[in-house]
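[1] need a 3D model of the sequence below.
(one chain, ligands or ions: 2)
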Amino acid sequence: MKSLDLNYREDELGILRLAVENTREAFVTIDQDHKILFFNRAAEELFGFGRKEVLGENLDVLLGEQCIKGHKEAVRGFLEGEKKNFIHDEREFIITRKDGKTIPVVFSFSVAQLNGRHYFTAIIRDISELKLCHDRVMKSERLAELGQLVTEIAHEIKNPLVLIGGFTRQLKKVVKDEKSLAKLDVILEEVERLEHLLNELKELYLPREVDFSVFDVNTLLEELYLLAIDDCKNRNIKIVFESDADEALVEGDREKIKQVFLNLIKNGVEAIENGGVLRIESRKHDNYVEILVTDNGPGIPEKHQAKLFSPFFTTKKHGTGLGLSISKRIIDQHPGFSISLDTVKGKGTTFKVTMPLDDSVEQ
Ligand SMILES: Nc1ncnc2c1ncn2[C@@H]1O[C@H](COP(=O)(O)OP(=O)(O)OP(=O)(O)O)[C@@H](O)[C@H]1O
Ligand SMILES: [Mg+2]
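    Ligands and ions are numbered 1, 2, ... in the order given. Presented below is the predicted three-dimensional model:
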């Protein structure tokens, strides 16, 4: 009976040892003099130290100065029987690995008393992923709150704007004095700018669902070209539209894609000095179509390129900086679509939108 008991205990210990060795939680055991006695595989991975480097050493090798001070005080408090001790707490810490990288972790402790001495085991879990996830949730909650706030503010501003615009237009009909008329024009321009801003903010924070249908992107581009001609003429800009096929059918949200090209054309026009050229080209390939919007403006400096698609990045006095970020979001909502740019200082910029052709129809 006795030998059976012994076997059972040995098995049990063996199983426990392997369980602790194979768990994802780091186990670090110290004695009451802070000497490291046990360090499992997960602890090696977490701290970046091999067992040979730490076993028998003082806990100082693992923990930073601040942390070790608190730890020693906590152990002392426990040994002296202080009521408030750390044993049953779960605590968050930031540990510094051997390679200097910092990792957020959660610690819990267990104490064993054997032959009058205490042994403390810290069970440590890496919570970097949990933290990331938590941050993402916080961010999306913040965005949702922001969206709500923006819609409410937009709603409050819209009505007075409509009134200001309406009354200004009425006044323009009766006012004869040139100076006053010029002032009314400025008011109207500013009202339109604010309306544009409100619409863009709404699109950014509360976008309409994508409504997919099959449409001909070349017809869409032709419409936009005709729409832009007058504005270009006024600015002494030559605008060219070329397509190498009658039709290029794609599947997407026509209104949203129209907004993308409007933004690209508007940016191109705004980048061009008097007398420049804006080129819109549609090139059809086997199973995709590329649309290029090219200007011969100043190009985009390298230091700006990484920020172009971020909301509110603008170099313009009256820009919202939302045009490209909204465009990128719209493109990302369309499977298989992409947007890229090519820019040369002093020569100009090409924005390229690539879209898969709709394969349900022979083209
Ligand atoms: N074709 C281009 N040539 C040179 N710079 C460009 C071009 N397109 C975009 N940019 C740069 O990218 C910035 C961001 O463009 P985006 O369309 O997002 O905002 P914006 O044009 O400044 O404002 P909004 O679109 O609201 O009028 C611009 O301010 C400009 O500096
Ligand atoms: Mg723009």
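
[2] where is the longest strand in the protein?
    strand 102-114 (DSSP state E).

[3] who in the stretch 251-363 of the chain is up against ligand 2?
    Taking Cβ under 5 Å from the ion as the criterion, the stretch 251-363 of the chain approaches ligand 2 at residues Asn267, Gly323. Glycine gets a C-beta too; all of them are placed from N, C-alpha and C.

[4] repeat that with 8 Å
    For the stretch 251-363 of the chain, the contact set with ligand 2 under Cβ under 8 Å from the ion comprises Asn263, Lys266, Asn267, Glu270, Thr314, Lys316, Gly319, Thr320, Gly321, Leu322, Gly323, Leu324.

[5] next one: phi and psi at Phe78?
    With angles defined as degrees, to the nearest 10, Phe78 sits at phi -70, psi -50.

[6] any idea how many residues pack against it?
    Neighbours of Phe78 under the rule other Cβ atoms under 10 Å: 18.

[7] ranges for the strands of the chain?
    With DSSP E as the criterion, the chain has strands spanning 26-31, 36-39, 90-96, 102-114, 117-126, 213-216, 238-243, 249-252, 277-284, 288-295, 338-344, 348-356.

[8] mind checking which of those strands is nearest ligand 1?
    strand 348-356 (4.1 Å; Cβ to the nearest ligand atom).

[9] show me what the closest one packs onto, helices and strands only.
    strand 249-252, helix 254-271, strand 288-295, strand 338-344 (3 or more Cβ pairs under 8 Å, 6 or more residues apart in numbering; DSSP states H and E).

[10] sheet-wise, list the partners of it with their directions.
    If you go by DSSP bridges, strand 348-356 pairs up with strand 288-295 (antiparallel), strand 338-344 (antiparallel).

[11] can it be found next to ligand 1?
    Yes: Strand 348-356 comes into contact with ligand 1 (Cβ under 6 Å from any ligand atom), by way of Thr349.

[12] rewinding a little: quick check: the two most widely separated of the residues of the stretch 251-363 of the chain next to ligand 2?
    Glu270 and Leu322 (14.0 Å; Cβ to Cβ).

[13] who has more neighbours, those two?
    Taking other Cβ under 10 Å, Glu270 and Leu322 do not tie; Leu322 has more neighbours (22 against 14).

[14] nearest residue to the more buried one in space, ignoring adjacent ones along the chain?
    Leaving aside its sequence neighbours, Leu322 sits nearest to Glu200 (Cβ to Cβ, 6 or more residues apart in numbering; 4.2 Å).

[15] name whatever forms a beta bridge with the closest residue to Glu242 other than its chain neighbours.
    Spatial nearest neighbour of Glu242, excluding adjacent residues (Cβ to Cβ, 6+ apart): Glu281 at 5.0 Å. Counting by DSSP bridges, Glu281 is bridged to Glu242, Leu292.

[16] near Glu71, how many other residues are there?
    Quick fix: residue 71 is His, not Glu. 21.

[17] thinking again about what came up before, from ligand 1, how far off is the residue nearest to Leu322?
    According to Cβ to the nearest ligand atom, to the nearest Å, Glu200 stands 6 Å off from ligand 1.

[18] from ligand 2, how far out is that residue?
    Using Cβ to the ion, to the nearest Å, Glu200 is found at 9 Å from ligand 2.
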